[in-house]
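>>> sequence and predicted structure, then a few things I'm wondering about:
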Amino acid sequence: MITPLIKVRNLLSKNPSAGGFDAILISSVSNIIYFTNYSGFSKDEREAYLFITKNQQYILTDGRYTAAVKTLIPDFKLIEISSKFSFEKALKNLTKKHKIKKVGFEGKNISFLEHKKLLKCFDDSNHRDLDSLRSVKTSDEILKIEKACELGDKTFKYILKEIKLGVSEKELAVKIELFIKQNLADISFPPIVAFGANSAIPHHQVTNSKLANNQIVLLDFGVKLDNYCSDMTRTVFFGSAKAEFRRIYEIVLTSQQKAIQQFNNLTKRQLEKGIKASEIDKIARNYIISKGYSTIPHSLGHGIGLEVHEGPHLSPKSKDILKEGMVFSIEPGIYLPAEALALPEPLAKRRSAKEGIPNFGGVRIEDLAVLEKNKLRLLTHSPKNLIEL
C-alpha cells in the first residue's frame with residue numbers, strides 16, 4: 001500500500017530544478033492528521049509542524065504534547081520547541097544537518113509572517129499544494145467516509161420527524177448537532193437549515209425564523225467520524241407542494257442523475273484514464289440552464305475526506321481529473337431570489353398566497369460518491385423523491 005509518507009517522498013525524489021524539494025514542511029492540522037493519524041492539535045492555534053526529508057521525518061511541537069507524541073507518533077522524531085529553543089532555530093539545525101536548500105510548504109496555510117521566518121531558515125522555499133496527495137483515498141479512508149455517511153442518513157431520518165409547525169431554523173440545527181454527538185461523532189460543519197426564502201441563499205446562516213405552512217425546508221449537514229467527514233443536502237416541503245416547486249425539484253434531481261449517469265456511459269478505458277471534473281460539472285449545469293434557469297452559483301461538487309472541502313473540485317474552470325479512489329459530492333441547485341420570478345413583488349406575493357408556495361426559494365440535492373471499480377458508487381442513501389411533510 002502507498003502510504004502518505006511514500007506519497008510525499010515521491011515529491012522529494014524529483015530534482016529541485018524540475019520542481020522537486022529537499023524537504024517538505026507540513027503545517028495544516030488536516031495534513032498532520034493525514035501523516036501521523038494524530039488529531040490532538042488545535043485548528044485554531046499553531047501548535048505543531050512536520051518536517052519531512054528524503055530519509056527522515058520530524059514533528060516539532062512544545063512540551064504540552066511530548067508524552068502524546070512519544071506514545072502515539074513513534075515514527076516521527078520529536079523536536080521539542082520552547083522559549084529557549086525556537087522553531088526557527090530548530091529549522092536552521094535541520095537545514096544544516098540534512099543539507100537542505102529548497103523546502104516546500106503549504107501556501108494555503110502558512111501566513112505572510114510565517115513565510116518571512118521561513119526565508120531566514122532556508123536558501124529557497126516555495127509553496128506546495130498538498131491537496132492532491134489526499135485526493136485519492138485508500139480503502140480504509142473510503143470506509144471511514146462511508147461510516148460517516150451512514151450516520152448522516154440516520155440523522156436525516158431522525159430530523160424529518162422534528163420538522164413541525166413553529167420550529168425554528170436554530171432549533172433544528174441544534175437537534176441535528178445533538179443527535180450526531182449523541183451517536184459519538186461530531187459535525188463536519190455547522191448545519192445549514194433554511195426555511196422558505198432563506199433556502200435561496202446557498203450558505204445561509206441559521207436564524208430564529210419559525211417554520212410556517214407551505215414552506216421549503218433545506219437541510220445541509222455533515223458528520224465527522226474517526227476524523228473523516230460526510231456531507232449531504234436534502235430539500236423537503238412542509239405542506240403540499242405546488243407545480244412550480246415540483247418542477248424546480250425535478251430539474252435539480254434530473255441534473256444530478258445526468259451527471260451520475262455520465263460515469264456509466266464511459267468506457268472502462270476512459271474511466272481508467274480519468275475524467276475531467278469540469279465535464280461532469282458541465283452536464284448538470286447545462287441541463288439546468290436549458291430549462292430556463294440561471295447557472296448554478298457554486299461548483300457542482302468538491303472532494304471530501306479529513307476536511308469537508310478538499311480536492312478534487314468539480315467546477316467549470318477545474319483542471320482536476322477524476323480518478324479511481326476519489327470521493328466527491330455532486331450537488332446541483334436552483335436558487336430563485338424574488339427578481340428571478342420576473343414579476344412585480346406585490347404580484348409575486350399575491351401569486352404566492354394563491355398557490356400556497358413561497359415567492360422565492362431554493363432547491364439543492366447533494367450526495368457523496370466514490371469512483372471505484374470503473375463506476376461511481378453513492379455513499380449517501382437518503383431518499384431523494386420529493387418529500388412533503
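Everything's here; your move. All values reported here derive from a predicted model rather than from experimental measurement. Residues are numbered from 1 along each chain as shown.
>>> quick one: residues in contact with stretch 33-41.
4-5, 8, 26, 29, 32, 47-48, 50, 52, 57, 59, 61, 65, 68-69, 72-73, 75-76, 133-134, 227, 306 (Cβ atoms under 8 Å, 6 or more residues apart in numbering). All C-beta spots, glycine's among them, are computed from the backbone N, C-alpha and C.
>>> and the residues you listed, which of them are in strands?
Judged by DSSP state E, strands contain the following of the contacts of stretch 33-41: Ile26, Ala48, Leu50, Ile52, Gln57, Ile59, Thr61.
>>> buried residues in stretch 56-76, which are they?
Neighbour-count burial for stretch 56-76, counted by 16 or more other Cβ atoms under 10 Å, picks out Gln57, Tyr58, Ile59, Leu60, Thr61, Tyr65, Val69, Ile73, Phe76.
>>> ugh, typo on my part, it should be stretch 329-339
Buried-residue list, stretch 329-339, by 16+ other Cβ under 10 Å: Ser329, Ile330, Glu331, Pro332, Gly333, Ile334, Tyr335, Leu336.
>>> average pLDDT for that stretch, rounded please.
Averaged over stretch 329-339, pLDDT sits at 86.
>>> ok, and what's touching that stretch?
199-202, 231, 233, 248, 251-252, 255-256, 259-260, 280, 284-285, 288, 293-294, 296-298, 300-302, 304, 314, 345, 348, 359-369.
>>> helices - which of those land there?
248, 251-252, 255-256, 259-260, 280, 284-285, 288, 345, 348 (DSSP state H).
>>> coming back round to it: weed out the non-buried ones from the contacts of stretch 329-339.
Among these, the ones that count as buried (16+ other Cβ under 10 Å) are 199-200, 202, 231, 233, 248, 251-252, 255-256, 259-260, 280, 284-285, 288, 293, 296, 300-302, 304, 314, 348, 359-369.
>>> pLDDT averaged over stretch 102-118 - what is it?
pLDDT averaged over stretch 102-118 gives 85.
>>> and the closest residue to Gly239 other than its chain neighbours, how many residues sit next to it?
Take Gly239 and drop its neighbours on the chain: the residue closest to it by Cβ to Cβ, 6 or more residues apart in numbering is Asn214, 3.8 Å away. Residues lying near Asn214 (other Cβ atoms under 10 Å) number 18.
>>> isn't Asn214 up against Phe195?
No: taking Cβ atoms under 8 Å as the definition, Asn214 is not a contact partner of Phe195, at 10.9 Å.
>>> how about the nearest residue to His98, chain neighbours excluded?
Of all residues not flanking His98 in the chain, Thr53 sits nearest, at 4.9 Å (Cβ to Cβ, 6+ apart).
>>> what is the one you found paired to in the beta sheet?
Assessed by DSSP bridges, Thr53 has beta-bridge partners Ala23.
>>> contacting residues for it?
By Cβ under 8 Å, 6+ apart, the contact list for Thr53 reads Leu12, Asp22, Ala23, Leu94, His98, Ile100.
>>> test my guess that the fifth one contacts Asp22.
Put plainly, it is His98. Yes: between His98 and Asp22 there is a contact under Cβ under 8 Å: 7.1 Å.
>>> who has more neighbours, these two?
Asp22 (19 against 16).
>>> was I right to think that one contacts Val103?
Yes: if you go by Cβ under 8 Å, Asp22 and Val103 touch, sitting 6.6 Å apart.
>>> residues in contact with Val217?
Ile163, Val193, Ala194, Phe195, Ser199, Leu211, Thr235, Val236, Phe237, Phe238, Leu389.
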